[in-house]
Each structure stands twice: as structure tokens, then as C-alpha cells.
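Participant: just need the structure, nothing else, for what follows:
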Amino acid sequence: MYSLVLNFPFKINKIKTQHIYKTKIERKENLISFALNWRYPITIEGATCLSISNENDLFLYVFKFEDINKAIDFMENTSVDVQRILEFTDVKKLVDKTNKLMIEYEKNEKGFKRNKKKKLIEDNDGFMRYE
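Facilitator: Numbers count the residues shown, from 1 in each chain. Coordinates of the predicted model:
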């Protein structure tokens with residue numbers, strides 16, 4: 001069991017807020033994984049978040065470090081920063097999500113074209129109808 005230090009982005013009485021959480025941290029080459037009870041937007045210096053999954057009422061975090069030395073350093077100093085935002089700012093995910101929404105919008109846009117004004121037409125029998 002490791003002591004994972006969660007650094008929160010706010011202060012109480014001018015004191016930095018931290019929480020020490022006991023959890024199992026696993027490292028395989030430059031990948032680090034650990035589980036927390038809550039989902040936090042976490043960042044680690046020199047690493048990118050690969051995935052966050054919900055398994056057995058725990059959130060499993062997987063981070064990939066730039067090189068193996070930074071991953072080894074993290075195992076010695078297990079400190080992470082909790083961000084204020086709820087989603088990670090990963091440009092590729094954002095572009096993919098935007099493209100997907102745009103494709104759906106364009107599909108629906110064809111079905112919602114503005115109706116043409118209908119003309120009032122009189123039949124031979126004297127009935128009036130719109131076309």
C-alpha cells in the first residue's frame with residue numbers, strides 16, 4: 001500500500017489542502033495505475049491520463065509517463081494534483097467528440113429544413129386547400 005497525496009486547488013485559512021489516501025499503486029514500465037473511491041480530475045506532472053474506468057465501486061486511473069525514470073520518481077513521491085475542471089483537456093478527444101457531434105447535426109439538419117410557404121388553391125368544386 002502506498003500513500004497517495006491528493007493536492008486540492010484551494011486553501012482553507014491560507015493553508016494548502018491535501019488528503020493522503022492509502023491505495024495500491026502498480027507500475028509497468030512507464031505506465032502507472034491506481035484506484036480511488038471518487039472520480040477526480042487528476043493531473044500528474046510529466047504524465048498523460050490514458051483512461052479512467054469504474055470497476056467494483058472504485059475508479060481505476062491509468063497514466064502514461066514520458067519516460068520510465070519519471071514513473072520511477074513518481075513511485076517514490078506519490079503526489080497528484082486535483083484540478084477544478086471535470087474533464088481533462090485532451091485535444092484529440094475534444095476534436096473527435098466535436099466531429100461526431102457535427103456529423104449527427106448535419107444528418108438531422110437535412111430533416112429540419114424550413115417549410116416552404118404553402119399556397120392557397122381553389123379546387124374545381126370550390127373547396128380551398130393549401131399546397
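Participant: any weak-confidence spans in this structure?
Facilitator: Counting by pLDDT under 70, the chain has low-confidence residues at 85-89, 109-116.
Participant: repeat the analysis, applying 80 as the threshold.
Facilitator: The chain contains residues with pLDDT under 80 at 85-91, 108-118, 131.
Participant: and the longest helix for the protein?
Facilitator: helix 91-111 (DSSP state H).
Participant: dump that one to CSV, restricted to CA.
Facilitator: Output for helix 91-111, consisting of C-alpha atoms alone and laid out as CSV, is shown next (Å, rounded to 0.1, in the frame of the first residue of the first chain):
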residue,chain,number,x,y,z
VAL,A,91,-7.3,17.9,-27.7
LYS,A,92,-7.7,14.7,-29.6
LYS,A,93,-10.7,13.6,-27.5
LEU,A,94,-12.2,17.0,-27.9
VAL,A,95,-11.7,17.0,-31.7
ASP,A,96,-13.2,13.5,-32.0
LYS,A,97,-16.2,14.5,-29.9
THR,A,98,-16.7,17.7,-31.9
ASN,A,99,-16.5,15.8,-35.2
LYS,A,100,-19.0,13.2,-34.0
LEU,A,101,-21.5,15.8,-32.9
MET,A,102,-21.1,17.7,-36.2
ILE,A,103,-21.9,14.6,-38.2
GLU,A,104,-25.0,14.0,-36.2
TYR,A,105,-26.0,17.6,-36.6
GLU,A,106,-25.6,17.5,-40.4
LYS,A,107,-27.7,14.3,-40.6
ASN,A,108,-30.5,16.0,-38.6
GLU,A,109,-30.2,19.3,-40.4
LYS,A,110,-31.5,17.8,-43.7
GLY,A,111,-34.7,16.7,-42.0
